[in-house]
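Asks: sequence and computational prediction follow.
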Amino acid sequence: MKINWDYIKGFLLLFLVVFLYSFSSQKNSIKKVQDIVVEFEEGDNLFMNHQMVNKLLIQNSTTIKNQAKSVIDLHKLETNVLLHPMVEEAAVFLTINGVLKTKIKQRTPIARIVTETGSYYIDKQSKKMPLSTNHSARVLLVSGDIVEQDVHEIYDLVTAILKDEFLKKQIIGIQKMKNQEYVLITRIGDQEIFIGKAKNLKQKFKNLNSFYSKAMTDKTIDSYSVINLKYNNQVVCTKK
C-alpha cells in the first residue's frame, strides 16, 4: 500500500497551525491590560478630559488596568462611553500589546438654551447636551419663554442662521417671546429683528439679506431700531 506523504504533510501542517493559534490565543488571553489610552478626534477635548473618560472605563467596580484581557467586555465599555451626553461617537478596542484604546468624537454644540430652570446646549444633531466645567462654547444664545417642545423648532432656526454666511456672523442671540414669535439680536448695530414664528425662514432671510445689502450700501442701517420680517414677503422697519 502506497503512503500518501503529501496528505500526511498537509495534515501535520494543519495540526501545527491550529496548535500554534490555540497556544497564541490562550497566551494572549491571560495577558493583562498594560495601559489605557484615550484619543479625542482631531485632538479636540474641549468638553471632556482623559480623567472623565477613564471614569467610564470601569468593569466590576474597578479600573480595567491590570485586568486580564480575556475578561474585558469591550462592548459594555463602549456602550458606557457612548451613553455620556458629551459623546457623539466612540470606539473601544484592545491592541496586541495590551493597550486599551478609546477613540472619541465629542458632540458639536450650535446653541446654548437658557431657561428659567437651567441652561444647556443643543448640538448639530438636535440633541441636548449639558454644559461643561472644562469649556464654554461660543455659540448662539437662545433665551426667553422656552419649553422642552421648542427644541426642534429652535434647532431649525439656528441651523438656518448658521447656513447663511452673513447671518451667522451678524446674529449672536435669539429671544423667544410669549406669543411664540422670535426676535434676533445682532452683533453690529442695535436693531432688533422680528421674524415672527419660525416659518418660511428661507424667504425671510433672503429678504433680510437684501435689506442689509441696500441699507449698508446707502449707510442708513443705523437709522433703524426694528427690522420686522413677520409680514408676508415684506421688510417693515421702524426708525429710531
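Replies: Here it is on my side, so go on.
Asks: and the residue most central in space within the chain, how close does it get to residue 125?
Replies: For the chain, residue 107 is the residue whose C-alpha lies nearest the centre (Cα atoms, centre = their mean; 1.6 Å). Distance, residue 107 to residue 125, by Cβ to Cβ, to the nearest Å: 7 Å. No exception for glycine: its C-beta is placed from N, CA and C like everyone else's.
Asks: show me the common contact partners of these two, please.
Replies: Residues touching both residue 107 and residue 125 (Cβ atoms under 8 Å, 6 or more residues apart in numbering): residue 88.
Asks: all helices of this structure, in order?
Replies: All helices of the chain, identified by DSSP state H, fall at 5-29, 50-54, 74-82, 151-163, 167-170, 201-217.
Asks: buried set for the fifth one?
Replies: Put plainly, it is helix 167-170. Under the neighbour-count criterion of 16 or more other Cβ atoms under 10 Å, helix 167-170 has 167, 170 buried.
Asks: list the helices and strands that helix packs on?
Replies: With contacts defined as 3 or more Cβ pairs under 8 Å, 6 or more residues apart in numbering; DSSP states H and E, helix 167-170 has these neighbours: helix 151-163, helix 201-217.
Asks: please identify the deepest-packed of these.
Replies: With neighbours defined as mean count of other Cβ atoms under 10 Å, those peak in mean count at helix 151-163, which reaches a mean of 18.
Asks: what packs against that one?
Replies: Judged by 3+ Cβ pairs under 8 Å, 6+ apart, helix 151-163 is in contact with strand 109-115, strand 118-123, strand 140-144, helix 167-170, strand 171-176, helix 201-217.
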